[in-house]
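Student: sequence and predicted structure are below.
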Amino acid sequence: MHAGVIGLGAMGAPMARRLATGGLLGGVWNRSHDRARSLGLELGVPVADDPAALAAHCDTVILSVADDAAVTAVVTAMIPGLKAGTVIIDTSTIAPATTRRLSAMLTEIGVSLLDAPISGGIEAAATGMLVTMVGGDPEALARVRPVLDRLASHIVHMGPSGSGQAAKMVNQVMVAGINQAVCEGLAFARALGLPSDTLLPALGHGMAGSRLLEHRGATVCAGQFDRGFKVTLHQKDLLLARSLAEELGAQMPLIEMTLIQYRRLIEDGAGTQDISVLYRQKRKLFREEFPHDEDPGHRSGD
Ligand SMILES: NC(=O)c1ccc[n+]([C@@H]2O[C@H](COP(=O)([O-])OP(=O)(O)OC[C@H]3O[C@@H](n4cnc5c(N)ncnc54)[C@H](OP(=O)(O)O)[C@@H]3O)[C@@H](O)[C@H]2O)c1
């Protein structure tokens, strides 16, 4: 099986590495060619000139690109190289309606598009421990199972095209709530003068424990927000989730509150930082100054 990867960002690059070490990677493509060239060299795989060339060379293509416009652009660019029987696994987070539209278009040329958005963050991408919620043809999913098994420890078929993305919307609303809780709680802890090195393990073993606290608790306390899941990407997901909620006649306070705070972070220049940078806003609740270029950390790390 030859799998190609399109989009070599925070998630796509570690997924490509996992496929390469499993002997499954057939080639890569990325919009910024330098990124593709350096990963191609590192992994010893061909770098395609364009998405169509990669599609022609692979029977499975994994997409990990930013948003609806990016997925639409790369799928359209792949069309001249696509063969009947190819399966495209889109791990990006986009609107269910966009994936359904692209899936219907590809079905006409015998190509399957699975919406397979992922959860677990950069750590899970590097270790093959992602969770993926899959929408689309179950037979196509069965064919690409060896590829997905290399990337994900939990592969859940949710139903028809778009249902994977709908499940991911639920996931992203929950991530917003957990991020709110972790960042606000840790800002409160700092204001109380609690040492992070003893507090974090205590919290992590109790009911307040979460993946986000486990992977981001220490970096938040150290004032490090440079790697992970960009604020702008989560903002995009919450805007998609808000549209779905509006279709149901609902407004979700968690989405609204988080979007307001993310907008402020983006205005302050923190849009490309990890979503745990929300901690900076939460610190302001306790009237503490937290200039962007300082890293005060928690008491134990000061
Ligand atoms: N980071 C996470 O923890 C995480 C977790 C689960 C799901 N996701 C989702 O996975 C997807 C990728 O996330 P990421 O964190 O890897 O993002 P990222 O690091 O910002 O990488 C984005 C990738 O998309 C490419 N891209 C953007 N616009 C494009 C366009 N118009 N045409 C072609 N390629 C385009 C970028 O190419 P360039 O290199 O040229 O900019 C880059 O390869 C997103 O949908 C995100 O919501 C992320």
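Tutor: Okay, I see it.
Student: what segments of the stretch 101-250 of the chain are helices?
Tutor: Under the criterion DSSP state H, counting those that start in this stretch, helices of the stretch 101-250 of the chain are mapped to 121-127, 138-143, 145-151, 163-191, 196-205, 211-221, 231-247.
Student: same for the helix or strand harbouring Arg18, what does it pack against?
Tutor: Arg18 is part of helix 12-21, with elements assigned from DSSP states H and E. Helix 12-21 sits against strand 3-6, strand 25-29, helix 33-43, strand 60-63, helix 121-127, helix 145-151, with contacts defined as 3 or more C-beta pairs under 8 Å, 6 or more residues apart in numbering; DSSP states H and E. The C-beta positions use only the backbone N, C-alpha and C, and glycine is treated the same way.
Student: continuing past the third one, what's the next helix or strand?
Tutor: It stands for helix 33-43. Assigned by DSSP H and E, the successor of helix 33-43 is helix 51-57.
Student: next, the buried residues of that following helix.
Tutor: Pro51, Ala52, Ala53, Leu54, Ala55, Ala56 (16 or more other C-beta atoms under 10 Å).
Student: hmm, that helix touching the ligand?
Tutor: No - counting by C-beta under 6 Å from any ligand atom, the ligand has no neighbours in helix 51-57; the shortest distance is 8.3 Å.
Student: what lies in contact with that helix?
Tutor: 2, 4, 6, 26-29, 46, 48, 61, 74, 77-83, 86 (C-beta atoms under 8 Å, 6 or more residues apart in numbering).
Student: and the pLDDT at the closest residue to the ligand within the chain?
Tutor: Residue nearest to the ligand within the chain (C-beta to the nearest ligand atom): Gly9, separated by 2.0 Å. Gly9 is assigned a pLDDT of 98 by the prediction.
Student: swap in His2?
Tutor: 87.
Student: my read is that it contacts Ile62, right?
Tutor: No - assessed by C-beta atoms under 8 Å, His2 is found out of contact with Ile62, at 11.5 Å.
Student: show me which of those two is the more surrounded one.
Tutor: A side-by-side neighbour count of His2 and Ile62, using other C-beta atoms under 10 Å, places Ile62 first with 28 against 16.
Student: hey, what's that one bridged with?
Tutor: Val5, Ile89 (DSSP bridges).
Student: right, I'll call it a day here.
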